[in-house]
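Participant: Generate coordinates for the sequence data below:
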Amino acid sequence: MSEKKKIKIAVTGLRGIPGVMGGVETHCEELYKRLPEQFDTLIYGRKGYCENKKISSLLRVKALYSPKQASLETPFHTLISIMHCFFFIKPDVLHIHGIGGAIFLPLAKLLFPKVIVTHHSQNYEHQKWGRLARTVFKCGEKFALKYADQVLFVSRTLLKISKSCYPKQADRFHFIANGFALPDQIVNVPEVEQPFFLCVGRLVPEKGFHDIVDAFNEYKGPEKLVVAGDADFKSDYADSLKRNANSNVLFIGRKTRAELNWLYKNCKTFIMPSYSEGLPISALEAVSCSAPILLSDIVQNLDLEFPSECYFKLGDFDEIISRLNTGGILVNEKILEKYDWNKIAISYQEYIKKAIF
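Facilitator: This is a model prediction of the structure:
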């Protein structure tokens, strides 16, 4: 293929863009809109999260049906995306985001010239999944690591582990960071009064919000705890989280990027008690807004290389209480230079060309 010819990329594995909550969705929205005119990108999204949309002459969204059921949504949508893509798009590269969709990588390898996978998270570690779903994730991860033309990792630690487990494929494994990007616009969130601590994310067990809610039920300080985010599906976990929280914990639902901008800039401390992450975009956003930081000490958070004082022991109730009393730690914003979406997009272009040429 001539390097001057447009490279057609089809993307699946995410809920959709623009403005859809989630780390994978933010990664894709920020990355693909920065690709130059040599790249023509179609993103497959899911009806109910997004709609058919032409974002630019080089970036389009195709919304396909997907069942609104957690265990079926990703595999079903990835499969119908692959089939639609084969019959109607004929891309040079199919890019699958996430190891759940990679369960269909053997089929994709038969149908498309090149297949790339981005490994965002070890989803089989998430508490919400049953045995069958965890098996699907593990198989998808194995297929991706063994057979994909390129595998991109948002976690440096996971990249290192994967290279040691699959040394013969290691030259196809690459690190690609998440970045941060908030709008210049700031929109006040009137239901929130200062002072407050802030958590941001979906209400799922792996985010660890139950730990911070339990701790906050015992916390005696003047601050409230604000949780910005919601569950994608009706969830016993989300219901129990809200039911068990005292009146000083405010669940304010999903917020726009402009509203998150205000929350980050005005919180006393941004807290991320996660049990599992990829590379936490919300932590980068909080640092960019000069919010003091407290993170659980999982390897994905440690990969950010924030000052050691930013971290607390995962799930340690007493330490969480203690850290609420002392507050978070400011992080030097120079660290964010490593997480520039424009630089990340340049690296991505090179990985695409490496797969093709």
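
Participant: average model confidence for the longest helix belonging to the chain?
Facilitator: In the chain, with assignment by DSSP state H, the single longest helix is helix 70-88. The average pLDDT within helix 70-88 is 92.

Participant: what ranges do the strands span in the chain?
Facilitator: Using DSSP state E, the strands assigned to the chain run over residues 7-12, 39-46, 53-56, 59-64, 93-97, 114-119, 150-153, 173-175, 196-200, 224-228, 249-253, 269-272, 293-296, 311-312.

Participant: in the stretch 51-200 of the chain, what spans have low per-residue confidence?
Facilitator: Low-confidence regions of the stretch 51-200 of the chain, defined here as pLDDT under 70, cover residues 124, 126-127.

Participant: what's the distance between Tyr44 and His27?
Facilitator: 15 Å (C-beta to C-beta, to the nearest Å). For glycine as for every other residue, the C-beta is placed from the backbone atoms N, C-alpha and C.

Participant: Now the terminal residues of stretch 33-48, how far apart.
Facilitator: Length of stretch 33-48, first residue to last, C-alpha to C-alpha, to the nearest Å: 22 Å.

Participant: Settle this for me: Gly48 is touching Leu64, isn't it.
Facilitator: No. Judged on C-beta atoms under 8 Å, Gly48 makes no contact with Leu64 at a distance of 10.7 Å.

Participant: joint contacts of these two?
Facilitator: Between them, Gly48 and Leu64 share no contacting residue under C-beta atoms under 8 Å, 6 or more residues apart in numbering.

Participant: For Leu250, give me its contacts.
Facilitator: Leu250 neighbours (C-beta under 8 Å, 6+ apart): Glu191, Val192, Phe196, Lys224, Leu225, Val226, Val227.

Participant: from these, which would you call buried?
Facilitator: Val192, Phe196, Lys224, Leu225, Val226, Val227 (16 or more other C-beta atoms under 10 Å).

Participant: close enough to count as contact, the fourth one and Asp214?
Facilitator: Yep, that's Leu225 we're talking about. No. Here Leu225 does not reach Asp214: they are 11.1 Å apart, not a contact under C-beta under 8 Å.

Participant: Just list whatever residues bridge to the spatially closest residue to Glu309 that is not a sequence neighbour.
Facilitator: Sequence neighbours aside, Ile329 is the residue nearest to Glu309 in space, at 4.6 Å (criterion: C-beta to C-beta, 6 or more residues apart in numbering). On the basis of DSSP bridges, Ile329 is bridged to Ile293.

Participant: could the strands of the chain go into a markdown table alongside distance to Lys33?
Facilitator: Output for those, formatted as a markdown table (distance: least, C-beta to C-beta, whole Å):
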| stretch | distance to Lys33 |
| --- | --- |
| strand 7-12 | 12 |
| strand 39-46 | 9 |
| strand 53-56 | 7 |
| strand 59-64 | 6 |
| strand 93-97 | 15 |
| strand 114-119 | 16 |
| strand 150-153 | 18 |
| strand 173-175 | 21 |
| strand 196-200 | 22 |
| strand 224-228 | 24 |
| strand 249-253 | 26 |
| strand 269-272 | 26 |
| strand 293-296 | 27 |
| strand 311-312 | 33 |
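
Participant: Ok, which of these comes nearest Ala70?
Facilitator: Nearest of those to Ala70, taken as C-beta to C-beta: strand 39-46 at 12.3 Å.
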